[in-house]
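K.L.:
Got a predicted structure here, sequence first:
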Amino acid sequence: MAAAAGVNVQTVRYYERRGLLPAPARSLGGHREYDQDTLTTLRVIRAAQRLGFTLAEIEELLELGRHRGPRPGLRERAQAKLADVDERIAALTVMRSALQDVIDAGCADLRSCSCTPGCPIPFPEIGVRRSARETTP
């Protein structure tokens, strides 16, 4: 089953211990026997992880999905996850721009560059002496 889902055996066992996957039936020889539903659940877990959901969030979503009828919560959680992704993209875009500015400015040394006017590194407090008021608790 691990190979069919593209994971290693230890991942499957970990998910079993966490309760994300049901304990498998055992053959007379003690080998684990998995059904198609377990494989589907494992693939769902992996897909949800690729979308950025944590195992704790996936556990909650799986629990909601075990109830009969409509499965509330997935849409709302996906919207919240999308908002989180958008925030991270915005932060990474700012970071990328600052890094490109550093490259374009030819900064070779953090200490000397940060002390020059027009330095693109976004740490103005580097090389600036703190006042007595800022250093006292």
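P.N.:
Received the coordinates, thanks. Residues are numbered from 1 along each chain as shown.
K.L.:
Next one, pLDDT for residue 14 please.
P.N.:
pLDDT for residue 14: 95.
K.L.:
And residue 51, by the same measure?
P.N.:
Looking at residue 51, its pLDDT is 91.
K.L.:
change the start of the numbering to 580 and stick with it
P.N.:
Renumbered: residue one is now 580, and that last one reads residue 630.
K.L.:
Excluding covalently adjacent residues, which one is nearest to it?
P.N.:
residue 660 (6.7 Å; Cβ to Cβ, 6 or more residues apart in numbering). The way it works is simple: take the backbone N, C-alpha and C, and place the C-beta from them, glycine included.
K.L.:
Just to check, that neighbour is in contact with residue 631?
P.N.:
Yes - at 5.5 Å, residue 660 counts as touching residue 631 under the criterion of Cβ atoms under 8 Å.
K.L.:
And residue 632, how close does it get to residue 586?
P.N.:
Per Cβ to Cβ, to the nearest Å, residue 632 is found 16 Å from residue 586.
K.L.:
just residue 619 next, same as before
P.N.:
Residue 619 is 14 Å from residue 586, by Cβ to Cβ.
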